[in-house]
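# Here's a sequence, model it:
(one chain, ligands or ions: 1)
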Amino acid sequence: MGVRNHLQRIKAAAREPGLAWDRVCREVRPVYRGRGTCPICETEVTFKATREWFRDHLFCSGCGSIPRERALMQVIKDWYPDWQQADLHESSPDERVHRVIAASDRGISSRLSRECPGYVASQYDPDTPWGELDPTGQWRSEDLEKQTFPDNCFDLVITQDVFEHIFDIDAAFREIARTLKPGGAHIFTTPLVNGTAPSEQWARRRDDGSIDHLQEPEYHGNPMDLEGGSLVTWHHGYDIVDRIHDACGLDTTIVLLDDLTRGLKAEYMEVMVTRKP
Ligand SMILES: [Zn+2]
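Coordinates of the predicted model:
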């Protein structure tokens with residue numbers, strides 16, 4: 001980010017009421033600032049965090065990515081160096097990837113869609129018939145639990161922080177396994193907030209479609225619903241590996257990277273790699 005842009009942000013923050021001064025201070029004196037090489041930009045950048053919670057606030061000056069996106073990119077490159085030749089399905093990418101991609105160079109989805117000719121994005125979009133492109137042609141409408149893709153059609157399936165919002169995770173894991181080619185993989189992030197404690201279901205869908213809140217309702221930002229956010233349905237732990245195996249028979253490796261020189265440091269940084277033999 002250029003100095004001018006930086007100053008404009010400080011000025012904008014100063015004009016806002018309430019916490020403005022606090023925000024100005026954070027911009028001027030961030031929690032962390034350091035140089036390094038971004039796995040997405042592939043160039044030397046500045047990583048800067050204006051808040052203690054690195055997971056959402058340790059940004060790359062080049063692509064605006066956050067740590068889990070950089071970890072995902074690093075794992076894709078390490079495990080599938082030929083990813084640019086892959087038939088790749090990304091479910092529910094950040095909405096910014098749908099804007100003119102050439103003009104928006106933010107984060108990992110943008111790079112995957114730009115450099116991978118076989119990239120297909122899908123969104124859970126009940127307003128568009130399942131399996132069809134939305135009117136702008138930017139994504140295909142898919143229910144991850146009941147996909148319309150044929151069997152064995154993808155080398156890679158990518159999901160970023162999606163599995164904590166799905167009701168029937170077993171069905172979604174089975175469907176992803178079905179659509180993977182032999183030798184393919186589902187590479188994904190979801191916060192393993194329960195760690196070594198068992199996963200807990202947070203909300204479930206009743207047979208009549210209504211929602212049964214098993215715990216205090218919790219919402220995260222949702223690219224398709226910027227105001228409402230997505231309901232959290234699961235608090236996952238490391239036992240997600242067993243869950244996936246029980247659901248679809250595939251083995252999963254949990255990869256945890258920790259390297260500040262590549263901007264890889266944050267809470268809940270695990271990347272899961274589920275491989276189809
Ligand atoms: Zn970057």
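# Checking Asp208 next. Helix, strand or coil?
Using DSSP: H, G, I helix; E, B strand; the rest coil, the secondary structure recorded for Asp208 is coil.
# mind checking how far it is from the ion?
In this view, Asp208 and the ion are 45 Å apart by CB to the ion, to the nearest Å. For glycine as for every other residue, the C-beta is placed from the backbone atoms N, C-alpha and C.
# Relative to His165, how far out is that residue?
Asp208 sits 20 Å away from His165, going by CB to CB, to the nearest Å.
# who has more neighbours, the two?
When Asp208 and His165 are compared for neighbours, His165 comes out ahead with 22 against 5, by other CB atoms under 10 Å.
# my read: that one touches Val232, true?
Yes. With contact defined as CB atoms under 8 Å, His165 counts as touching Val232 (6.4 Å).
# hey, what's in contact with both of these two?
His220 (CB atoms under 8 Å, 6 or more residues apart in numbering).
# isn't there a helix covering Phe167?
No. Counting by three-state DSSP, one finds Phe167 to be coil, located in no helix.
# can you tell me which residues contact the residue nearest to Ile240 when sequence neighbours are not counted?
Closest residue in space to Ile240, ignoring its immediate chain neighbours: Ser199 at 6.3 Å, by CB to CB, 6 or more residues apart in numbering. For Ser199, the contacting residues are 234-237, 239-240, 243, by CB under 8 Å, 6+ apart.
# Alpha carbons of stretch 40-54, as CSV, please.
Extracted in CSV, the C-alpha atoms of stretch 40-54 (Å, rounded to 0.1, in the frame of the first residue of the first chain):
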residue,chain,number,x,y,z
ILE,A,40,0.2,-15.4,-3.0
CYS,A,41,2.0,-12.3,-4.4
GLU,A,42,5.3,-14.2,-4.8
THR,A,43,7.1,-10.9,-4.0
GLU,A,44,8.5,-9.0,-1.1
VAL,A,45,5.8,-7.2,0.8
THR,A,46,5.0,-5.7,4.1
PHE,A,47,2.8,-7.6,6.5
LYS,A,48,1.0,-5.4,8.9
ALA,A,49,-1.5,-6.1,11.7
THR,A,50,-3.5,-3.2,13.3
ARG,A,51,-5.1,-5.6,15.8
GLU,A,52,-3.9,-8.5,18.0
TRP,A,53,-6.2,-11.0,16.2
PHE,A,54,-3.9,-11.8,13.3
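# and it, what's its mean pLDDT?
If you average the pLDDT over stretch 40-54, you get 94.
# and what of stretch 217-232?
Stretch 217-232 comes out at a mean pLDDT of 75.
# How about stretch 204-212?
95.
# any chance you could map the strands in the stretch 51-200 of the chain?
58-60, 87-91, 118-123, 140-141, 154-160, 180-189, 200-201 (DSSP state E, counting those that start in this stretch).
# Next, work out how far apart the residue nearest to Ile240 and the ion are.
Distance from Ser199 to the ion, by CB to the ion: 32 Å.
# Now do the phi/psi pair for that residue.
Backbone torsions of Ser199, given as degrees, to the nearest 10, read phi -60, psi 150.
# which one among the contacts of Ser199 gets closest to the ion?
Nearest to the ion among the contacts of Ser199 is His236, at 26.8 Å by CB to the ion.
# ok, and the closest non-adjacent residue to that closest one?
Ser199 (4.8 Å).
# Please apply the same query to Gly107.
Ser65 (4.6 Å).
# Let me see the contact set for the most centrally placed residue in the chain.
Geometric centre of the chain, nearest residue: Gln160, 2.1 Å, by CA atoms, centre = their mean. Under the criterion of CB under 8 Å, 6+ apart, the contact list for Gln160 reads 68-69, 72, 90, 92-94, 108-109, 188-189.
# Give me the ChimeraX select line for those, limited to the buried ones.
Remark: buried members of the contacts of Gln160, expressed as a ChimeraX selection using 16 or more other CB atoms under 10 Å:
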select :68,69,72,90,92,93,94,108,109,188,189
